[in-house]
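Engineer: just a sequence and a predicted model for now, questions to come.
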Amino acid sequence: MKGLAELRNKIIKVPHLNILKLGTWVTMGLFATFLLIYIFVGDEMLNYFPLLILFAFGSPFVSLMMSKATVKRAYNIRMIGESGARTEKEKLVIDTITLFSQKLGLQKLPEIGVYPSNDINAFATGASKNSAMVAVSQGLLNSMNETEIIGVLAHEMSHVVNGDMLTSSILEGFVSAFGLIATLPFLMGGNNNRGRRAASSIATYYIVRNIANIFGKIVSSAYSRRREYGADKLAAEITDPSYMKSALLRLQEISEGRISLQDSDREFASFKITNNFSMGNIFGNLFASHPSLEKRIAAIERMENKEL
């Protein structure tokens, strides 16, 4: 069984958030939002463009800033910090996150916690990579060995260093803006007859709003699945593909025998290493926040084959 000791001397190429690429996408998104308002609502509404952007992005960014406090309450997380470990596995969690933080160049160690749940899971959250928190379930500590735990933590630390929480909030803001633009003509009317006629139709407003919400969910879920593949890939690079593969295989093994889950486990399912609530049909896969474990394992195996 592989462990933390062999990773201490491993040289890791530190990934960096591509600010130029992110800025380009944000600029393009703002321009597209501006253009959609002009086309579908009318040029008089362009005066409200800053207010619309503030409204659309306000909620996801407030949620991001409050994410640590929110999940601490929702999950009854016990913070273990540098000296709060009660067991050897909790000490392993602290040592692993500390090592990865150093090797990945984080300026501040993420907060570390354990939450009481039978769910075999872990998640990362926080406003930035230097203001992050990583939490693992008691069920995960009880069910996984050292190699598997390290694989899971490498995945969560990959989310942290990739800035996935921030980019998810930006995407959520644009999805919210799209929904507002799609429904504005039916709420306020525009400079065309269609907008004024539709303003009186509450039924039409709700239909359009639901369609916009469904479209937004499909887009955000697709990005979330891509984000999970990226975290798996980076986790395999900063450790070894066998760590991530062993963790995913263990999750697959556990998922075949369903376990008792708490209601709160569903609330933040998209932030975790696996989503136990995705349906197996085509519609469930379309809205799933995570790829199937089979696809994720296959992706890691392709990485292993390239290294041979």
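Structural biologist: Perfect, I can see it now.
Engineer: so how many other residues sit close to E148?
Structural biologist: In terms of burial, E148 registers 23 neighbours under the definition other Cβ atoms under 10 Å. Glycine gets a C-beta too; all of them are placed from N, C-alpha and C.
Engineer: before we move on, what about S220?
Structural biologist: Around S220 sit 18 other residues, with neighbours defined as other Cβ under 10 Å.
Engineer: show me the contacts for it.
Structural biologist: The contact partners of S220, by Cβ atoms under 8 Å, 6 or more residues apart in numbering, come to 168, 171-172, 175.
Engineer: after the helix or strand hosting it, next one along is what?
Structural biologist: Taking DSSP states H and E as the criterion, the element that holds S220 is helix 202-238. Counting by DSSP H and E, the element after helix 202-238 in chain order, helix or strand, is helix 241-255.
Engineer: need the strands for this protein, in chain order.
Structural biologist: Remark: strands of the chain, listed N- to C-terminal, are 78-79, 111-115, 122-126, 132-137; assignment by DSSP state E.
Engineer: out of those, nearest to L64?
Structural biologist: Put simply, out of the strands of the chain the one that sits nearest L64 is strand 122-126, at 8.2 Å, with distance taken as Cβ to Cβ.
Engineer: what packs against the closest one?
Structural biologist: On a contact count with 3 or more Cβ pairs under 8 Å, 6 or more residues apart in numbering; DSSP states H and E, strand 122-126 meets helix 67-75, strand 132-137, helix 146-162, helix 164-188.
Engineer: please name the strands paired to the shortest one in the sheet, noting orientation.
Structural biologist: In the sheet containing strand 132-137, the strands it pairs with under DSSP bridges are strand 111-115 (parallel), strand 122-126 (antiparallel).
Engineer: for this protein, give me the ranges with low pLDDT.
Structural biologist: By pLDDT under 70, the weakly predicted segments of the chain are 1, 16-26, 31, 33-46, 48-49, 185-201, 257-272, 274-284, 307-308.
Engineer: apply 50 and report the result again.
Structural biologist: 190-192, 194-196, 198-199, 258-267, 277, 279 (pLDDT under 50).
Engineer: before we move on, back to that, with distance to T87 and mean neighbour count as extra columns, can I get the strands paired with strand 132-137 in CSV?
Structural biologist: As requested, the strands paired with strand 132-137 are exported to CSV (distance: least, Cβ to Cβ, whole Å; neighbours: other Cβ atoms under 10 Å):
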stretch, distance to T87, mean neighbour count
strand 111-115, 9, 23
strand 122-126, 16, 23
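Engineer: quick one: those as a markdown table, columns for distance to N213 too.
Structural biologist: Listed next are those as a markdown table, based on distance: least, Cβ to Cβ, whole Å:
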| stretch | distance to N213 |
| --- | --- |
| strand 111-115 | 30 |
| strand 122-126 | 23 |
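Engineer: so which of the ones you listed comes closest to A69?
Structural biologist: Among the strands paired with strand 132-137, strand 122-126 comes nearest to A69, with 10.1 Å by Cβ to Cβ.
Engineer: can I get the closest one as PDB, trimmed to CA atoms?
Structural biologist: In PDB, the C-alpha atoms belonging to strand 122-126 read as follows (Å, rounded to 0.1, in the frame of the first residue of the first chain):
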ATOM      1  CA  ALA A 122     -15.100  15.000   1.000                       C
ATOM      2  CA  PHE A 123     -15.300  18.500  -0.300                       C
ATOM      3  CA  ALA A 124     -13.400  21.800  -0.700                       C
ATOM      4  CA  THR A 125     -14.900  25.300  -0.500                       C
ATOM      5  CA  GLY A 126     -13.800  28.900   0.100                       C
END
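Engineer: can you give me how far it is from the chain middle?
Structural biologist: 8 Å (Cα atoms, centre = their mean, to the nearest Å).
Engineer: report the inter-axis angle for that strand versus helix 202-238.
Structural biologist: Comparing the axes of strand 122-126 and helix 202-238 via axes from the mean of the first three to the mean of the last three Cα atoms, to 10 degrees yields an angle of 110 degrees.
Engineer: okay, angle between strand 122-126 and helix 241-255 too, please.
Structural biologist: 110 degrees.
Engineer: for I202, find the nearest of the strands paired with strand 132-137.
Structural biologist: Set against I202 and scored by Cβ to Cβ, the strands paired with strand 132-137 come closest in strand 122-126, at 37.1 Å.
Engineer: the closest one to helix 67-75, inter-axis angle?
Structural biologist: Using the same axes, to 10 degrees, one finds that strand 122-126 and helix 67-75 are set 140 degrees apart in direction.
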